[in-house]
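Trainee: here are the coordinates; sequence isn't available:
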C-alpha cells in the first residue's frame, strides 16, 4: 500500500480542489447572483457535461496512458478556475453569470476525463489482490475531498474572498500533477482497429452481458441521485431552516463529508463480513428516509445526527459499489467500464441538482428536501425488486 501513497495523495488533492470548484460555482451563484435555479444549472454544467464527453474519456483511457489524460483534465480545471476568477475580478455585472457558467463548463469537461483516467490508472497500478481494498481507499480520497472542500471554503471565506478560494483550488491541482510525475501508466499495447464509436459500443455490450456488473451500475445510479439534492439543498437548509452562521454552515456541511469518510472506512473494515448487495440496497433506502426527516427537524444538534447517518450509509454504499464495479471490469475495457461509473457519479448528481434547484424555487427548500428523500426511497424499493443478482451479491 505504501508504494501507492503518491498516487493516493494526488487523488486527495485533486478531488479536494475539484469539489472546491463545484461548491464555488454553487455558492457563488446562490449568494452573489442570488439564484437557486442558476446554482443548479451551474452544478449541472460542472458535473453533467460528462454525459456527452465522458464516453470519449473512457475510450481515450483505453487508448492513451491514463496518466497523460489526468494531466490534461487538471489543466481544464485550471482554465475553469481562471474563468471564475475573471467573473469576480474582471467582468461586469452583465457578463458575470456567463463567465461563471463558462468556467463551470470547463470544469465539467475536466470531470469527464479525470474520473475514468484515475480509476483506469488505479487498475494498472494495483495487483489483483490489492484492487478491491485500494479502490475503497481511492473512494475514501474522493469522500475526503468532498468533505474538506466546504470546510476549506468556509474557513477561507471567513477571512478572505472568492479569489483566495480559487487560488487554493488551483494550487491543489498543480501539486496533484507534480505528485504524478513519476507515475508510469501504459496505453493499449496495439492501436485499436475500431472507431471511437465502435469502442464505445463494445463497452456497452460487455456491461449489458454481465448481469451483476449491469446491476452494480444501476445501484450507482440510484445512490448518486441523492448527491445533487445534498449539495444544492443543504446549504440553503442550514441557513434558512437552522439559522446557522457561515462558519457553522461550513461545519454542518463538513459533518456530512466526515460521516461519508467514516462510512468508507467502515466499508473497508467490513467488506469481508457484510453481504454487499443487501448492504447497498438497505443503505440507500435508510439514507433516503433520514434525508427526508431533515425537512421536519429544526434543532441543529438532531439535524446533525440525522445528516451524519445519511453520510455514514452513503459512504458505505458508494465504496462497496465502486469496488464491485472495479473488480468486475475486464482489464482491456477498464477505461470504458469505469467511465460509465464516473459518468454516473457526475451526471446523476448534476441532473438531480438541477431538479433540486427547481424544486426549491417552486416549493421552498424544506418541501424540496422531503420530496427528494421520499422519492428516492420509493425508487430504491422498485430497484431492489428488479435486481436479483445484486440482492444475491455477497461480494466476498
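Mentor: On my side now, so go ahead. Just so you know, these numbers come straight off a predicted model, no measurement behind them. Numbers count the residues shown, from 1 in each chain.

Trainee: show me where the stretch 151-300 of the chain has helices.
Mentor: 162-179, 196-209, 211-224, 227-236, 246-270, 276-293, 300-328 (DSSP state H, counting those that start in this stretch).

Trainee: and the nearest residue to residue 69 once chain neighbours are set aside, how many neighbours?
Mentor: The shortest distance from residue 69 to any non-neighbouring residue, by Cβ to Cβ, 6 or more residues apart in numbering, is to residue 117 (3.9 Å). From N, CA and C alone the C-beta is placed, and that goes for glycine too. Neighbourhood size, residue 117 [other Cβ atoms under 10 Å]: 30.

Trainee: the lowest-mean-pLDDT helix or strand in the chain vs helix 211-224, what angle?
Mentor: Counting by mean pLDDT, DSSP states H and E, the weakest-scoring helix or strand in the chain turns out to be helix 36-48, with a mean of 78. Angle between the axes of helix 36-48 and helix 211-224 is 150 degrees (criterion: axes from the mean of the first three to the mean of the last three Cα atoms, to 10 degrees).

Trainee: show me what counts as buried in helix 36-48.
Mentor: 36, 38, 39, 40, 41, 42, 43, 44, 45, 46, 47, 48 (16 or more other Cβ atoms under 10 Å).

Trainee: from memory the first one sits against residue 30, does it?
Mentor: Which is residue 36. Yes - taking contacts as Cβ atoms under 8 Å, residue 36 lies within contact range of residue 30: 6.3 Å.

Trainee: just to revisit the earlier point, so what's the residue nearest to residue 69 up against?
Mentor: If you count contacts by Cβ atoms under 8 Å, 6 or more residues apart in numbering, residue 117 has them with 57, 60, 61, 66, 67, 69, 70, 73, 335.

Trainee: one step back: overlap in contacts, residue 36 and residue 30.
Mentor: residue 236.

Trainee: touching, residue 112 and residue 58? I think so.
Mentor: No - Residue 112 lies out of contact with residue 58 (Cβ under 8 Å); the separation is 9.4 Å.

Trainee: tell me, what's touching those two both at once?
Mentor: residue 342.

Trainee: quick revisit: name the residues that touch the least confident helix or strand of the chain?
Mentor: By Cβ under 8 Å, 6+ apart, helix 36-48 touches 21-22, 25-30, 33, 80, 97, 100-101, 104-105, 107-108, 111, 228, 231-232, 236, 346-347, 349-351, 353-358, 360-361.

Trainee: now do stretch 159-170
Mentor: Outside stretch 159-170, the residues within contact range by Cβ under 8 Å, 6+ apart are 17, 20-21, 24, 28, 32, 77-78, 81, 84-85, 88-89, 152-153, 156-157.

Trainee: mind checking how far that stretch is from the chain centre?
Mentor: 21 Å (Cα atoms, centre = their mean, to the nearest Å).

Trainee: got the buried residues for it?
Mentor: So, applying 16+ other Cβ under 10 Å, buried residues of stretch 159-170: 162, 165, 166, 168, 169, 170.

Trainee: and if you look at stretch 250-270?
Mentor: In terms of neighbour count (16+ other Cβ under 10 Å), stretch 250-270 has its buried residues at 250-268.

Trainee: where does the prediction get shaky in this protein?
Mentor: 1, 92, 187-193, 395-396 (pLDDT under 70).

Trainee: roughly how far out does stretch 18-29 sit from the chain middle?
Mentor: 13 Å.

Trainee: er, stretch 284-296 I mean
Mentor: From the chain centre to the centre of stretch 284-296 is a distance of 20 Å (Cα atoms, centre = their mean).

Trainee: repeat for stretch 309-320
Mentor: 13 Å.

Trainee: ok, now which ones touch residue 59?
Mentor: 196, 199, 200, 203, 335, 336, 339.

Trainee: as JSON lines, the residues you listed with distance to residue 389 and neighbour count would be great.
Mentor: Formatted as JSON lines, those follow (distance: Cβ to Cβ, whole Å; neighbours: other Cβ atoms under 10 Å):
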{"residue": "196", "distance to residue 389": "30", "neighbour count": "13"}
{"residue": "199", "distance to residue 389": "26", "neighbour count": "21"}
{"residue": "200", "distance to residue 389": "24", "neighbour count": "17"}
{"residue": "203", "distance to residue 389": "19", "neighbour count": "24"}
{"residue": "335", "distance to residue 389": "24", "neighbour count": "28"}
{"residue": "336", "distance to residue 389": "21", "neighbour count": "27"}
{"residue": "339", "distance to residue 389": "22", "neighbour count": "31"}
